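Visitor: Fold the following, please.
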Amino acid sequence: MESQRVPVDEVEEQVLEIDWQDELSGRGDSFRVSKPDASGLIQYVWRMARFHAGHDTSMPVTAAWWLQDWLDENDIDASVSGVTDDAGTEVTEYLDMVAQEVLEYEFGMQTDGAARAWSGIA
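Guide: Below is the predicted model of the structure:
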C-alpha cells in the first residue's frame, strides 16, 4: 500500500528547492519591496515576511489568495483562502515559519516588526 502524501509535505518539497535570497532580494542585498513575479508560493512567503518584519503591517489578506492559486495549480489539496481546512492551516503555519526563517537567516532581519508596530513599541 502506498502511503498518501500530506499537503504540507508537498509544499515543503517545493520550499526546499527555492533560492530565497535570489527570489526575494531587491536592489543589492536588501529585501525586495515589490511583489515578485513568481509563483503564489513565493509571493505568499514574500508578503508574510514583509508583514513579520514590519515593512508592511497591513493585514496580508491577499497573500492567501496567491497561495491558494498556487496550491490549486499544483493539485495540492488544501484550502487557505476563505474557509480553511486542517491541511490549509498546516500549510500556512509551515510557510509562516519559513517566512520568519528567510528573514532571519537569509536577510539578517528581525521577525517581530509587525508585532512591535501593532503594540505601539516601534
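
Visitor: mind checking how far residue 42 is from residue 115?
Guide: For residue 42, the distance to residue 115 equals 24 Å [Cβ to Cβ, to the nearest Å]. Any C-beta I mention is one placed from the backbone N, CA and C, and that applies to glycine too.

Visitor: between those two, which one's more packed in?
Guide: Applying other Cβ atoms under 10 Å to residue 42 and residue 115 shows that residue 42 carries more neighbours, namely 21 against 15.

Visitor: Next one: that one from residue 117, what distance?
Guide: Going from residue 42 to residue 117 by Cβ to Cβ gives 24 Å.

Visitor: ditto for residue 62
Guide: Separation of residue 62 from residue 117 (Cβ to Cβ) stands at 19 Å.

Visitor: and these two? which has more neighbours close in?
Guide: The neighbour comparison of residue 62 against residue 117 (other Cβ under 10 Å) goes to residue 117, with 16 against 13.

Visitor: tell me the centre residue of the chain?
Guide: Centrality entry for the chain: nearest residue to the mean C-alpha point is residue 45, 2.1 Å, by Cα atoms, centre = their mean.

Visitor: Now that we're looking at the residue nearest to residue 107 when sequence neighbours are not counted, what pLDDT does it have?
Guide: Among residues not flanking residue 107 along the chain, residue 31 sits closest, at 5.2 Å (Cβ to Cβ, 6 or more residues apart in numbering). pLDDT recorded at residue 31 is 86.

Visitor: Report the beta-bridge partner residues of residue 31.
Guide: With DSSP bridges as the criterion, residue 31 is bridged to residue 25.

Visitor: thinking it is in contact with residue 24, fair?
Guide: Yes: between residue 31 and residue 24 there is a contact under Cβ atoms under 8 Å: 6.1 Å.

Visitor: so what sits against both of these two?
Guide: Counting by Cβ atoms under 8 Å, 6 or more residues apart in numbering, the shared contacts of residue 31 and residue 24 are 49, 107.

Visitor: Looking at the two, which has the bigger crowd around it?
Guide: Neighbours per residue (other Cβ under 10 Å) separate residue 31 from residue 24, with residue 24 holding more: 23 against 19.
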